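Participant: I'd like to go over a predicted model; first the sequence, then the structure.
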Amino acid sequence: MLTIQFVPYHEIEGLSQAKKIRKLLDIVKENKIVILEGRLKMPEEAELIKETMEAIDERFKGIETSVISSDAKNLPFMSKMRGKLVDMLLGEKHGISVIGPATIVKEIKKDPNKIQLLLSEGGQKKRRQKK
Amino acid sequence: MMNILKKFVDKVFRDLFKKKKHIRLGLYGPPNGGKTTLANRICQDWLGEDMGSVSPIAHETREIYVKEEINIKSGRKELSFNLVDTPGIATKIDYENFVKKGLSVKEAKKRAREATKGVIDAIKWLDDMDTVIVVIDATKDPMSQVNITIIGNLQARKTPVLIVANKTDLKKADVKKIQAAFPQYSVVGISARYGNNMDNFYEALFAIAG
């Protein structure tokens, strides 16, 4: 069974980098897909990859990850300015990060309006959409 | 007036006798993008020898390799660097994929183990690079989280980046897609395998590192 776990930003906000990464990886290693409110900082994303590599064994094959946020470069000027203001006020809280076990998540396709997950279950490809 | 003249003379002498620039140049990117093929192309062009082995099976490079003292010239410009070829950065490594490519289970598990260590080393070395060439397979979607994480981390470190869209000899290659994905960076389309567009590559390298 597939479980999606939502992690609100305030749950990881006060944690150190190491604890933040550990918390997210522990959830993923339970075969759950994490929907994280906001995004990790760039050094944290690199650390997540390092920690994932440390954790890989015959059962856990790694992660698939993607950040979903509105594509600012195609927006009109006023929307860009509004986006900048949101960034300034919310910081890393802007957008959504999806982190899932590589064995379950085949592909996470980016789209500002929906998350499309192609799941591999029992050797058969099954498509689900979460709008 | 004397002060201006002195500064001018100082500058002329400094330019005349200045040491050529020496940097540590890193090759980064996802597995099988062609980092080692590009490293071999650069080494063949300027040293007449290869740097490492290449393979259609991903994670052929699982250790950091450094080729020291490569000097390249273009007109009056000169650049000296240590070339650092790094293992491909990935978020997942499954030994079973290597078995499917023909390796024995034992070999595949060993390769996977070494590959995970290689990814960790490649990330650790990010701090030590003066300039980085990010090698992306131009036939694939450039907006992978690995590419974004590598380039974002280099940007955070203020490390100059040149993006190479490799494998332009293949029909599916789309350099414009990579340019559109990373509009703030110089992107050069090349075929490291066949040496296509290497002159433009070296020009772009001088522009960011020279």
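Facilitator: Arrived safely.

Participant: mind showing which ranges of the chain have poor pLDDT?
Facilitator: Since you didn't name a chain, this refers to chain A. Chain A contains residues with pLDDT under 70 at A:1, A:70-92, A:105-131.

Participant: that answer is for a different chain, and I need it for chain B
Facilitator: Confidence mapping of chain B against pLDDT under 70 gives the ranges B:1-3, B:5, B:7-21.

Participant: buried set for stretch B:174-189?
Facilitator: Judged by neighbour count using 16 or more other Cβ atoms under 10 Å in any protein chain shown, the buried positions of stretch B:174-189 are B:174-175, B:177-179, B:181-182, B:185-189. Bear in mind the C-beta positions are built from the backbone N, C-alpha and C, glycine included.

Participant: mind exporting it as CSV, just the C-alpha atoms?
Facilitator: C-alpha atoms of stretch B:174-189 as CSV (Å, rounded to 0.1, in the frame of the first residue of the first chain):
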residue,chain,number,x,y,z
ASP,B,174,18.2,19.5,-27.7
VAL,B,175,20.6,22.3,-26.7
LYS,B,176,17.9,25.0,-26.7
LYS,B,177,16.0,23.1,-24.0
ILE,B,178,19.0,23.2,-21.7
GLN,B,179,19.6,26.9,-22.5
ALA,B,180,15.9,27.5,-21.6
ALA,B,181,16.2,25.6,-18.4
PHE,B,182,19.3,27.5,-17.2
PRO,B,183,19.1,30.9,-18.9
GLN,B,184,21.5,32.6,-16.5
TYR,B,185,24.4,30.3,-17.5
SER,B,186,26.6,29.9,-20.6
VAL,B,187,25.6,26.7,-22.4
VAL,B,188,27.7,25.1,-25.1
GLY,B,189,26.5,22.2,-27.2
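
Participant: on that earlier part again, and the furthest pair within the buried residues of stretch B:174-189?
Facilitator: The span of those, defined through Cβ to Cβ, is set by B:Asp174 and B:Ser186 at 17.0 Å.

Participant: Enumerate the residues of chain B near chain A.
Facilitator: Residues of chain B that fall close to chain A, judged by Cβ under 8 Å from any Cβ of the partner chain: B:89-95, B:109, B:112, B:116-117, B:119-120, B:123-124, B:126, B:143, B:145-146, B:148-149, B:152-153, B:155-156, B:183.

Participant: count of neighbours near A:Val34?
Facilitator: Other residues near A:Val34 come to 23 when the count uses other Cβ atoms under 10 Å in any protein chain shown.

Participant: Not counting sequence-adjacent ones, nearest residue to it?
Facilitator: Once flanking residues are discounted, A:Val34 sits nearest to A:Ile99: 4.4 Å by Cβ to Cβ, 6 or more residues apart in numbering or on different chains.

Participant: So in that sheet, which strands flank the helix or strand hosting the one you found, and in what orientation?
Facilitator: A:Ile99 is part of strand A:96-101, with elements assigned from DSSP states H and E. Here strand A:96-101 has these sheet partners by DSSP bridges: strand A:32-37 (antiparallel), strand A:63-68 (antiparallel).

Participant: Which helix in chain B has the most residues?
Facilitator: helix B:105-124 (DSSP state H).

Participant: Show me what that one is packed against.
Facilitator: Helix B:105-124 is packed against helix A:42-55, helix B:95-100, with contacts defined by 3 or more Cβ pairs under 8 Å, 6 or more residues apart in numbering or on different chains; DSSP states H and E.

Participant: Toward the C-terminus, what is the element adjacent to that helix?
Facilitator: Defined by DSSP H and E, the subsequent element after helix B:105-124 is strand B:131-137.

Participant: Quick check: what element follows that following strand along the chain?
Facilitator: Assigned by DSSP H and E, the successor of strand B:131-137 is helix B:145-156.

Participant: so who does the residue in chain B positioned nearest to chain A touch?
Facilitator: In chain B, the residue that lies nearest chain A is B:Lys92 (2.8 Å; Cβ to the nearest Cβ). Neighbouring residues of B:Lys92 by Cβ atoms under 8 Å, 6 or more residues apart in numbering or on different chains: A:52, A:56, A:61-64, A:102.

Participant: May I ask which two of those residues are separated the most?
Facilitator: Distances among the contacts of B:Lys92 were taken as Cβ to Cβ; the most separated pair is A:Ile56 and A:Glu64, at 13.4 Å.

Participant: returning to that earlier point: how much space between the residue of chain B closest to chain A and B:Leu170?
Facilitator: B:Lys92 sits 24 Å away from B:Leu170, going by Cβ to Cβ, to the nearest Å.

Participant: Likewise for A:His94?
Facilitator: Distance, A:His94 to B:Leu170, using Cβ to Cβ: 37 Å.

Participant: more neighbours, these two?
Facilitator: A count of neighbours by other Cβ under 10 Å puts A:His94 above the other of A:His94 and B:Leu170, at 18 against 13.
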